[in-house]
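Undergrad: Let me see the structure of the following:
(2 chains)
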Amino acid sequence: SQTIHQWPATLVQPVGSPLSLECTVEGTSNPNLYWYRQAAGRGLQLLFYSVGIGQISSEVPQNLSASRPQDRQFILSSKKLLLSDSGFYLCAWSRNLAVEGGEKTQYFGPGTRLLVL
Amino acid sequence: GQQVMQIPQYQHVQEGEDFTTYCNSSTTLSNIQWYKQRPGGHPVFLIQLVKSGEVKKQKRLTFQFGEAKKNSSLHITATQTTDVGTYFCALSYSGYSTLTFGKGTMLLVSP
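TA: Okay, here's the model as predicted:
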């Protein structure tokens, strides 16, 4: 069965510090990968998605970046955090439509709660 | 671009009352999915609707896809405290790799 891991679970960082959040998926190959941010009590904002190694699509211009160094690894980074970067960061995966076709069901990781002070 | 409206934003019911959330798209959908996020948790896939006019049931939950494939609803009969959470619709459009999530409906159930 497939599992998705995210770490850390919670993080408190000062403004201006760097950020690195990691997401890994097990039990599947060549997944589509996604990073979302959720502000408290709000909806899901898609930040980045990737359909393959080294392929990153950015949905929202900001001071965050994403990388996919390996097939099942997705990293969210920032060089200098802003107060507005606080939120709940969720990684998700779905089957690769080009390879497997069909559904776009997304499976979410447990998330990282980031507080920037 | 695609626009999605999900209403209501929030609903507070007494245990045993019914609950419905609605999702509307500005354009025709390929399919629609529903997710549930418990407080403090992550979204979990509930169901996918594909066919025009489709109705699916999961115990006390009834999901409906509109005839024009532009709207959907989730109805919970006789809510329980375990139904508490935020329900999101997620819209799938032909030719797009991503889902467009609604803003969600937060359901609070009082015992």
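
Undergrad: what about the worst-scoring helix or strand of chain B on mean pLDDT and chain A, touching?
TA: Ranking every helix and strand in chain B by mean pLDDT, DSSP states H and E puts strand B:99-101 at the bottom, with a mean of 91. Yes. Strand B:99-101 reaches chain A (CB under 8 Å from any CB of the partner chain) through B:L99, B:F101. Backbone N, C-alpha and C define where each C-beta goes, glycine included.

Undergrad: The helix or strand following that strand pairs with which strands, parallel or anti?
TA: Where DSSP states H and E defines the elements, the next helix or strand beyond strand B:99-101 is strand B:105-110. Strand pairing for strand B:105-110, determined by DSSP bridges: strand B:10-14 (parallel), strand B:85-92 (antiparallel).

Undergrad: closest to B:F45 out of those strands?
TA: Minimum separation from B:F45 across the strands paired with strand B:105-110 (CB to CB) falls at strand B:85-92, 8.7 Å.

Undergrad: What residues sit buried inside that closest one?
TA: For strand B:85-92, the neighbour count (16 or more other CB atoms under 10 Å in any protein chain shown) marks B:G85, B:T86, B:Y87, B:F88, B:C89, B:A90, B:L91, B:S92 as buried.

Undergrad: any idea which of those is the one closest to chain A?
TA: Set against chain A, the nearest of those by CB to the nearest CB is B:S92 (5.3 Å).

Undergrad: in its sheet, what does the least confident helix or strand of chain B sit against?
TA: According to DSSP bridges, strand B:99-101 has the following sheet partners: strand B:85-92 (antiparallel).

Undergrad: Just give me how far the strand it pairs with sits from the chain centre.
TA: Put simply, strand B:85-92 sits 5 Å off its chain's centre (CA atoms, centre = their mean, to the nearest Å).

Undergrad: Name the residues that touch it?
TA: With contacts defined as CB atoms under 8 Å, 6 or more residues apart in numbering or on different chains, strand B:85-92 is touched by A:43-44, A:104, A:106, B:2, B:4, B:6, B:21, B:23, B:25, B:29-39, B:41, B:43, B:72, B:74, B:99-107.

Undergrad: Same check on stretch A:11-23?
TA: Applying CB under 8 Å, 6+ apart, the contact partners of stretch A:11-23 are A:4-8, A:33, A:35, A:64, A:73-83, A:85, A:89, A:91, A:109, A:112-117.

Undergrad: Let's see that with 7 Å instead.
TA: Stretch A:11-23 is contacted from outside by A:4-7, A:74-83, A:89, A:91, A:109, A:112, A:114-117, using CB atoms under 7 Å, 6 or more residues apart in numbering or on different chains.
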